[in-house]
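S.K.: Predicted model follows, preceded by the sequence.
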Amino acid sequence: MLKDAVLQLSQQDYAWLWTSSEYERLRTISYKKLAANSPAINSSVGNYGSGGAFGYITEDLDREARASVPDVGADEYTSGTVNDLTAPSWSSGSPLAVASVTPRSVKISWLAASDDTGVVGYNIYKDGVLYDTTFGSETSYTTAGLSPGTAYTFKIEAIDQANRKKASNTVNVTLPALNGVAISGVSAHVALGGGVKQLKVTAQFTDGSTEDVTAAATFASSAPGTLTVAATGAVTATALGSASLTASYGGFTSPASVVQVLTPTQTIKVVDADTYVDSVYSTNTSTNYSTTTTMLIQTDGGKQIGYIKASMPASLPGVLDTVQLKLYVVTAQAGADLLASGLALDNWSPTAITAANQPARAFSDIDAADMPVKANSYVTVDVTKYVQSQADGTLSFRLAMLSNDNPATVATLENGDSAKVPTLIFTTINP
Ligand SMILES: [Ca+2]
Ligand SMILES: [Ca+2]
Ligand SMILES: [Ca+2]
């Protein structure tokens, strides 16, 4: 019983108790309401008033502020007398029922039990084994992490202050079973040399529910020399031809997805504008840097950030497979690690943007990828997902530094070498 467990705790254990998840449950136990002169409330009469090494405890069981270690030792409980004479009882012969079921969880609910001094809580039994205990007046409990297609039995016990118990009825439940898997995420036609595609595996259950099980699936390609599938489900086209892709999970294998690898066409577009902003020095926060020959990217948390804007090409020769942003890194300190993001909003002007007026970072921004960068070299980022989300035809990118204080500079449109200007590479195919 928890009351006894509390009484048996050592001084050191209180520190753990007060900071553990058990704290909230302990607070709800009716009999632990402390007397006004409790040593757990008034540190001047407490056994551990000095606090010692446990000075970080900031409140007692009654949620009153404390600067020292609370004492809820035996002296707190021996003065009061509780005459608990009878065990809890149920008003119904079947108080316990199954409230809801998913392939991996069961929610049970029950009618509250009665008791002469009050029900302290309920023990939850799964398959005859004590699984958990709830305290207070809760009348439902959800068990997660169960196995699809498996039968379970549940029972509860009402507990009173004297640790008397009364069991409920037992309920049996069988969870919905897995009955198939399907794959998605890779088109029937992909470009040779295009970006890596990600397979998604969806489990289907007998109750009609589905679940993304990509991380737990295994993958196969009928022609790995044409389409390679990594253990993560990442698909890379390595030769012209076709292959059948499948995924397996829980004893089921998906229907095959036949994917043909086609010859790509590349359309290269120089971006329309680029600049950066600088909030490292307050004197620079209102300065626009759109005509400098490099973008300075530095400091994690976004102090010097690059911005790029480009419109989509008016037309592309085929179906879009991949879009890459290609940059030339002029200088980079060791450890420099760029993060490119696609911005949801385009309402910023390359010739007016400054640290003071730059767009706020939005949850809808799409992080393309972070990439280690080296001086005097090109870096490309797959921005396909972002570009495909931009039906408005305008692309806005932000370049930030992931690693702190490892600056890098990236060539801009004004750098004087047409081979180094920021470009977008659109890879298309003609199925
Ligand atoms: Ca009782
Ligand atoms: Ca510029
Ligand atoms: Ca846009």
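M.R.: Right, received. Where do you want to start? The model shown is predicted, which means the values in this text are computed figures rather than measured ones. Ligands and ions are numbered 1, 2, ... in the order given.
S.K.: Surely Ser168 and Ala112 touch.
M.R.: No - at 11.3 Å, Ser168 does not count as touching Ala112 under the criterion of CB atoms under 8 Å. To be clear about C-beta, it is placed using only N, CA and C from the backbone, and glycine gets the same treatment.
S.K.: And those two? Which one has more around it.
M.R.: Relative neighbour count places Ser168 above the other of Ser168 and Ala112, with 24 against 15, counting by other CB atoms under 10 Å.
S.K.: and that one, what does it touch?
M.R.: If you count contacts by CB atoms under 8 Å, 6 or more residues apart in numbering, Ser168 has them with 90, 94-96, 110, 155-158.
S.K.: Now secondary structure, pLDDT and distance to ligand 1 too, for those residues, in CSV please.
M.R.: Listed next are the contacts of Ser168 as CSV, based on DSSP: H, G, I helix; E, B strand; the rest coil; pLDDT from 0 to 100; distance: CB to the ion, whole Å:
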residue, secondary structure, pLDDT, distance to ligand 1
Trp90, coil, 96, 13
Ser94, coil, 96, 22
Pro95, coil, 98, 17
Leu96, strand, 98, 20
Trp110, strand, 98, 18
Lys155, strand, 98, 20
Ile156, strand, 97, 16
Glu157, strand, 96, 13
Ala158, strand, 96, 9
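S.K.: Check these for burial and list the buried ones.
M.R.: Restricting these to buried positions leaves 90, 95-96, 110, 155-158, with burial counted as 16 or more other CB atoms under 10 Å.
S.K.: Of these, which fall within the contact range of ligand 3?
M.R.: When those are checked against ligand 3 using CB under 5 Å from the ion, none falls in range.
S.K.: if I look at Val373, how far off is Arg361?
M.R.: Computed with CB to CB, to the nearest Å, the distance linking Val373 and Arg361 is 21 Å.
S.K.: Who has more neighbours out of the two?
M.R.: The residue with the greater number of neighbours, taking Val373 and Arg361 and applying other CB under 10 Å, is Val373; the counts read 23 against 13.
S.K.: which parts of the longest strand along the chain are buried?
M.R.: Identified as the longest strand of the chain according to DSSP state E is strand 319-332. Taking 16+ other CB under 10 Å as the basis for neighbour counts, the residues of strand 319-332 that come out buried are 320-330, 332.
S.K.: Tabulate the residues you listed (a markdown table), appending distance to Gln204 and pLDDT.
M.R.: Below are those laid out as a markdown table (distance: CB to CB, whole Å; pLDDT from 0 to 100):
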| residue | distance to Gln204 | pLDDT |
| --- | --- | --- |
| Leu320 | 30 | 96 |
| Asp321 | 29 | 97 |
| Thr322 | 30 | 96 |
| Val323 | 33 | 96 |
| Gln324 | 35 | 95 |
| Leu325 | 37 | 95 |
| Lys326 | 41 | 96 |
| Leu327 | 43 | 97 |
| Tyr328 | 48 | 98 |
| Val329 | 46 | 97 |
| Val330 | 52 | 97 |
| Ala332 | 48 | 95 |
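S.K.: Can you tell me which of these comes closest to Ser311?
M.R.: Within the set of the buried residues of strand 319-332, Val323 lies nearest Ser311; the separation is 13.0 Å, counting by CB to CB.
S.K.: Give me the three-state assignment for the nearest residue to that closest one once chain neighbours are set aside.
M.R.: If the residues on either side of it in the chain are set aside, Val323 comes closest to Val387, at 4.3 Å by CB to CB, 6 or more residues apart in numbering. Using DSSP: H, G, I helix; E, B strand; the rest coil, the three-state assignment for Val387 comes out as helix.
S.K.: Spell out which residues of the chain are next to ligand 2.
M.R.: Proximity of the chain to ligand 2 is confined to 274, 290, 412-413 under the rule CB under 5 Å from the ion.
S.K.: Using CSV, please lay out those residues together with distance to Leu245, neighbour count and secondary structure.
M.R.: Putting these into CSV (distance: CB to CB, whole Å; neighbours: other CB atoms under 10 Å; DSSP: H, G, I helix; E, B strand; the rest coil) gives the following:
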residue, distance to Leu245, neighbour count, secondary structure
Asp274, 39, 28, strand
Ser290, 46, 18, coil
Thr412, 41, 27, coil
Leu413, 41, 20, helix
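S.K.: ok, these vs ligand 1, which is closest?
M.R.: Distances from ligand 1 to the residues of the chain next to ligand 2, taken as CB to the ion, are shortest for Asp274 (75.5 Å).
S.K.: Got the confidence number for that closest one?
M.R.: We have a pLDDT of 98 for Asp274.
S.K.: who touches the residue of the stretch 51-200 of the chain found nearest ligand 2 in this structure?
M.R.: Nearest residue of the stretch 51-200 of the chain to ligand 2, counting by CB to the ion: Gly195, 26.7 Å away. Going by CB under 8 Å, 6+ apart, Gly195 touches 321-324, 382, 384, 427.
S.K.: switch to 10 Å and redo it
M.R.: In this structure, Gly195 makes contact with 236-237, 321-324, 380-385, 427, judged by CB atoms under 10 Å, 6 or more residues apart in numbering.
S.K.: circling back to that earlier point, same list (the buried residues of strand 319-332) but as a markdown table, adding distance to ligand 1.
M.R.: Supplementary listing: the buried residues of strand 319-332 in a markdown table, determined by distance: CB to the ion, whole Å:
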| residue | distance to ligand 1 |
| --- | --- |
| Leu320 | 71 |
| Asp321 | 71 |
| Thr322 | 70 |
| Val323 | 70 |
| Gln324 | 71 |
| Leu325 | 70 |
| Lys326 | 75 |
| Leu327 | 73 |
| Tyr328 | 78 |
| Val329 | 74 |
| Val330 | 79 |
| Ala332 | 72 |
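S.K.: picking up where we left off before, alpha carbons of the longest strand of the chain, in PDB - could you do that?
M.R.: Below are the C-alpha coordinates for strand 319-332, written out as PDB (Å, rounded to 0.1, in the frame of the first residue of the first chain):
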ATOM      1  CA  VAL A 319       6.900  15.800 -65.400                       C
ATOM      2  CA  LEU A 320       8.800  17.200 -62.400                       C
ATOM      3  CA  ASP A 321      10.900  14.600 -60.600                       C
ATOM      4  CA  THR A 322      13.500  16.500 -58.600                       C
ATOM      5  CA  VAL A 323      14.500  20.100 -57.800                       C
ATOM      6  CA  GLN A 324      17.900  20.900 -56.400                       C
ATOM      7  CA  LEU A 325      19.200  24.200 -55.100                       C
ATOM      8  CA  LYS A 326      22.900  24.500 -56.100                       C
ATOM      9  CA  LEU A 327      25.200  26.900 -54.300                       C
ATOM     10  CA  TYR A 328      28.900  27.800 -54.500                       C
ATOM     11  CA  VAL A 329      30.600  28.000 -51.100                       C
ATOM     12  CA  VAL A 330      33.400  30.600 -51.200                       C
ATOM     13  CA  THR A 331      34.700  30.300 -47.700                       C
ATOM     14  CA  ALA A 332      33.700  27.900 -44.800                       C
END
